[in-house]
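In: Using only what follows, build the 3D model:
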Amino acid sequence: MKLGSFKSEIKKLDQEFLQSILDGSALLMEKDEALNLGSSNDAFVIFWIEDENFSSVEKLRDYLLIEAEDLLTNYYKHSPLSREYFEKRFSEFMIKYGEESFSSQPGEMPEKSIMVSNGEITILTDSDYVFKYGLYLKLDEKLAPQISAKKAKNWLQSGAAYNDYIAINVFRFSAIE
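Out: Residues are numbered from 1 along each chain as shown. Below is the predicted model of the structure:
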């Protein structure tokens with residue numbers, strides 16, 4: 001979720017929703033596209049009240065808006081994108097640039113790779129310094145573009161691309177401060 005979208009979601013929270021947070025519920029990120037309520041022990045927690053005191057739901061909303069950038073940055077520092085959001089966005093990029101552009105023939109680099117930063121997928125090309133560290137499908141054998149496109153699409157749709165994304169970032173997301 002981008003910062004602007006996060007702030008828009010906070011502004012849409014109704015009085016009852018905010019009161020639930022004041023009463024002890026946690027604010028959760030739902031599939032990187034919406035906010036929901038849950039327990040502070042749940043996954044995808046973005047905020048819960050610890051030692052803070054808020055005199056009203058409006059004070060809570062003001063706080064969330066002021067701290068939105070820090071909340072979002074800290075959330076994505078320790079939480080991966082949801083599988084649903086990752087696959088949706090990556091699929092959009094594959095349609096836009098061509099599935100085969102995210103796969104590499106043996107001994108070669110792909111046309112494009114991806115990197116996730118601050119909750120968004122970034123498309124990288126060979127002009128980007130970190131391009132070679134991006135995520136892409138490495139083919140074991142030389143294939144025609146149509147077949148490599150199908151392999152890349154299957155890689156994404158099967159969940160293997162998401163698993164590779166998680167594997168690359170496993171230490172970051174499991175780090176304990």
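In: Val57 - how many residues pack around it?
Out: Counted with other Cβ atoms under 10 Å, the neighbours of Val57 add up to 18. C-beta coordinates here come from the backbone N, C-alpha and C atoms, glycine included.
In: Please give me every residue in contact with it.
Out: Applying Cβ atoms under 8 Å, 6 or more residues apart in numbering, we find Val57 in contact with Gln15, Leu18, Gln19, Leu22.
In: quick one, what contacts the first one?
Out: Contacts for Gln15 (Cβ under 8 Å, 6+ apart) come out as Val57.
In: measure it to Ala161 for me?
Out: Noted for Gln15: a distance of 41 Å to Ala161, by Cβ to Cβ, to the nearest Å.
In: Let me know the secondary structure of the residue sitting furthest away from the middle of the chain.
Out: Ranked by distance from the centre of the chain (Cα atoms, centre = their mean), the top residue is Ser55, with 32.8 Å. Classification of Ser55 using DSSP: H, G, I helix; E, B strand; the rest coil returns coil.
In: Report the buried members of the contacts of Val57.
Out: Neighbour counting with 16 or more other Cβ atoms under 10 Å marks Leu18, Leu22 as buried within the contacts of Val57.
In: In helices only, show me the contacts of Val57.
Out: Gln15, Leu18, Gln19, Leu22 (DSSP state H).
In: ok, and what's touching stretch 39-49?
Out: Contact with stretch 39-49 is made by 21-22, 24-30, 35, 38, 64, 71-72, 75, 79, 82, as judged by Cβ under 8 Å, 6+ apart.
In: where do the strands sit along this structure?
Out: With strands called from DSSP state E, the chain shows them at 26-30, 34-38, 45-47, 103-104, 113-117, 120-124, 137-138.
In: Check which helices and strands the fourth one sits against.
Out: I take that to be strand 103-104. Contacts defined by 3 or more Cβ pairs under 8 Å, 6 or more residues apart in numbering; DSSP states H and E place strand 103-104 against strand 137-138, helix 145-157.
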